[in-house]
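> pasting the sequence and the predicted model now:
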Amino acid sequence: MDTKEIFLKHVAQTSPFPLVIDVSHAEGSYIFDKSGNRYFDLISGIAVTNIGHRHPKVVQAIKDQLDRYMHVMAYGEFAQDAQSGLAKELAQLLPETLSCSYFVNSGAEAIEGALKLAKRVTGRTEIISCHKSYHGSTHGALSVSGNETKKYRYRPLLPDVKFMHFNSMEDISMITEKTAAVLVEPVQGDAGVRIGSQEFLEGLRKRCDETGTQLIFDEIQTGIGRTGKMFAFEHYQVVPDILALAKGLGGGMPIGSFISSYEKMQLFTHDPILGHITTFGGHPVNCAAAWANLRAIQEEHMLAGVEVKGQLLEQAIQTTGIKEIRRKGLMLAVEFESADLVQKIVTGCLQKGVITFWFLSCPESFRLAPPINISDRELKEAAQLIKEAIEESM
């Protein structure tokens, strides 16, 4: 039985049609299979490898940490250099009100922690999220995701959850003094790169201030350089009360974080103690990788080129049949007439050696999210292959 057969038989599947690339290795903007084929990774493992596969600074940090120790204790008991260094780095990058990080294992866990913190801060239970949002697959995160097709098999979910329309100024009035938290992606990812308006995000901040509601930004996809800023909220100058990160944070390693003020985070330490707890959260190897990842982005001035590269990619794939391209930095959705056509294009791209992917909540579009440090040459070559796949699929 070869690796593919084992994968399909013994590894639990998430869909009836996995891509099934039999991975040999990955480097920079490329993934290679065991037959020697090379693929441009134009989705960065779904916005995870934002600085490419196996960035040397991240790899070295992992090796250095492995030589010292791996897991030593459940989260929050021992002082560890990698964990503390990462927390300090984030505090230096973020506003003062976002100075204290709680490290977890994934984006969904970051959302779970953020929701719990908002309830603890406010003493309220009502949560408002957005239609078409996606925040994760655990019960709490799924409860606040605005796509019923993902949820109906798993009800009942969290009570007291309501949904507003993204970018609707009218719906902001739903926020009241009963609302614990409003949870929003500054740019909706799975909905197909729906870009938050300045007016809407400012309106949320103002209404949350008026009602004592915690504003949570889910930057699991948009954070760590994806939109051309380290955090997408920097485009708007609207600061959340709680920030959730994951995906691109770890440079390819699994880590998430929810971040708020020191005073708010202290609420988890009493009444009851261990108000939020994780065994593997803040794993030293993952923290070392994340810390090196953040330093690499800054030291190599990667953010400066994101918007230019995004414009280059958007222009280079323009061809017949495209209804719309929605883009923020290097986060793109390319929309067509039908989901069937998108499926053909994604398959065609793969056959040409370019990995793209669809959106679960927006199947008539496909996503592009290449590494933010991809070279212009690589971007142009991959874009030409995408353009050819589109034209051949029409």
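All right, it came through fine. Numbering: from 1, shown residues only.

> rest of the way, CA atoms for contacts and neighbours
OK.

> per-residue pLDDT, Phe366?
Turning to Phe366, the model gives it a pLDDT of 97.

> go ahead and confirm it touches Ser338.
No. The pair Phe366 / Ser338 is not scored as a contact, 10.8 Å apart, by CA atoms under 8 Å.

> and these two? Which one has more around it.
Just comparing Phe366 and Ser338: by other CA atoms under 10 Å the higher neighbour count belongs to Phe366, 23 against 11.

> report the separation between that one and Arg226.
Per CA to CA, to the nearest Å, Phe366 is found 17 Å from Arg226.

> now do the strands in the stretch 151-300 of the chain.
Taking DSSP state E, counting those that start in this stretch, the strands of the stretch 151-300 of the chain run over residues 161-164, 179-184, 187-188, 194-195, 214-218, 242-245, 256-260.

> in TSV: those strands, plus mean neighbour count.
Converted to TSV, the strands of the stretch 151-300 of the chain look like this (neighbours: other CA atoms under 10 Å):
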stretch	mean neighbour count
strand 161-164	19
strand 179-184	28
strand 187-188	24
strand 194-195	18
strand 214-218	27
strand 242-245	28
strand 256-260	29
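
> so which of those strands is nearest Lys119?
Taking CA to CA, strand 179-184 is the member of these nearest to Lys119, at 5.6 Å.

> just checking: what are the partner strands of the closest one?
strand 126-130 (parallel), strand 214-218 (parallel) (DSSP bridges).

> check which residues of the first one are buried.
For strand 126-130, a neighbour-count test (16 or more other CA atoms under 10 Å) marks Glu126, Ile127, Ile128, Ser129, Cys130 as buried.

> just after it, pick out the following helix or strand.
helix 139-143 (DSSP states H and E).

> which ones are touching Cys349?
With contact set as CA atoms under 8 Å, 6 or more residues apart in numbering, Cys349 has these partners: Ile355, Thr356, Leu385, Ile386, Ala389.

> ok, back up a step: so which of the strands paired with strand 179-184 is nearest Leu350?
strand 214-218 (29.9 Å).

> and the closest residue to Glu185 other than its chain neighbours, how far is that from Leu385?
Closest residue to Glu185 apart from its sequence neighbours, by CA to CA, 6 or more residues apart in numbering: Asp218 at 4.8 Å. Counting by CA to CA, the separation of Asp218 from Leu385 is 33 Å.

> backbone dihedrals for Pro56, please?
Main-chain dihedrals, Pro56, degrees, to the nearest 10: phi -60, psi -30.
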